[in-house]
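J.: Please find the sequence and the predicted model below.
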Amino acid sequence: MGTQDETNSTLMFRFNHIAKSVVRKASITPVSIPRSFPITRKFSVSKYNNAGSSSDPTHEIRTVDKNSDLKVPTTLDKTARLFFLTEILRGMWIVLENFFRPPYTIFYPYEKGPVSPRFRGEHALRRYPTGEERCIACKLCEAICPALAITIEAEAREDGSRRTTR
């Protein structure tokens, strides 16, 4: 039993030692590693420009200019933002604006939305009291049907009116 504990502790020591050496080696590696293959795909079929094929050795290395115009927020700016809560106040203002807007939804069967002046009613095939269809075969239904499911065949009658035959 004691030998197994010693073996386990020896293995743990070795794994711990290997892990520490890997971490040390990883911290020494350079910041920029030239790529020989693309990480992302482009939308074109043109050849990739490999970073390793560049004649400039500092092609992938980015440097930060100390005199750049980047404005770093000062402690006073951070404190003012914290105490005045400008982001929260801006968000609450938007909520307040939207709170008093009228709702966009309507209770449809009982409320109707605004109707265009060009609206001529719902499309329906109406009939005369005698049972005859009121269709005059203008073929507008056939022209506007998105599924092309309506076909109208018409002919002139004896009284001169045009009616559908099928």
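T.: On my side now, so go ahead.
J.: Please count neighbours and contacts with C-alpha atoms only from this point.
T.: OK.
J.: Would you map the helices across the protein?
T.: For the chain, applying DSSP state H gives helices covering 2-28, 75-84, 86-99, 140-144.
J.: Lowest mean pLDDT across the ones you listed, which one is that?
T.: When the helices of the chain are compared on average pLDDT, helix 2-28 comes out lowest at a mean of 54.
J.: Please work out the average pLDDT along stretch 148-163.
T.: 83.
J.: Return the set of buried residues in that stretch.
T.: 152, 163 (16 or more other CA atoms under 10 Å).
J.: Equivalent analysis for stretch 128-148, please.
T.: Those would be 135, 137, for stretch 128-148 by 16+ other CA under 10 Å.
J.: Give me the distance between the two termini of that stretch.
T.: 26 Å (CA to CA, to the nearest Å).
J.: and K78, what does it touch?
T.: Contact analysis of K78 by CA atoms under 8 Å, 6 or more residues apart in numbering lists nothing.
J.: just use 21 as the starting number from now, easier for me
T.: OK, 21 is where the count begins now, so the last one is K98.
J.: Return the distance of it relative to T106.
T.: Where T106 is concerned, K98 sits at a distance of 11 Å (CA to CA).
J.: try P134
T.: Taking CA to CA, one finds P134 at 40 Å from T106.
J.: which of the two has more neighbours?
T.: T106 (12 against 6; other CA atoms under 10 Å).
J.: Can you report how many residues lie near R101?
T.: Neighbours around R101, by other CA under 10 Å: 13.
J.: ok, now how distant is the residue lying closest to it once chain neighbours are set aside from W113?
T.: Spatially, and ignoring its direct neighbours in sequence, R101 is nearest to E107 (8.0 Å; CA to CA, 6 or more residues apart in numbering). For E107, the distance to W113 equals 10 Å [CA to CA].
J.: what's the answer for R177, then?
T.: Taken as CA to CA, the span from R177 to W113 is 70 Å.
J.: next one: C165
T.: 48 Å.
J.: what does K98 give?
T.: Applying CA to CA to K98 and W113 gives a distance of 21 Å.
J.: I am finished for the moment; much appreciated.
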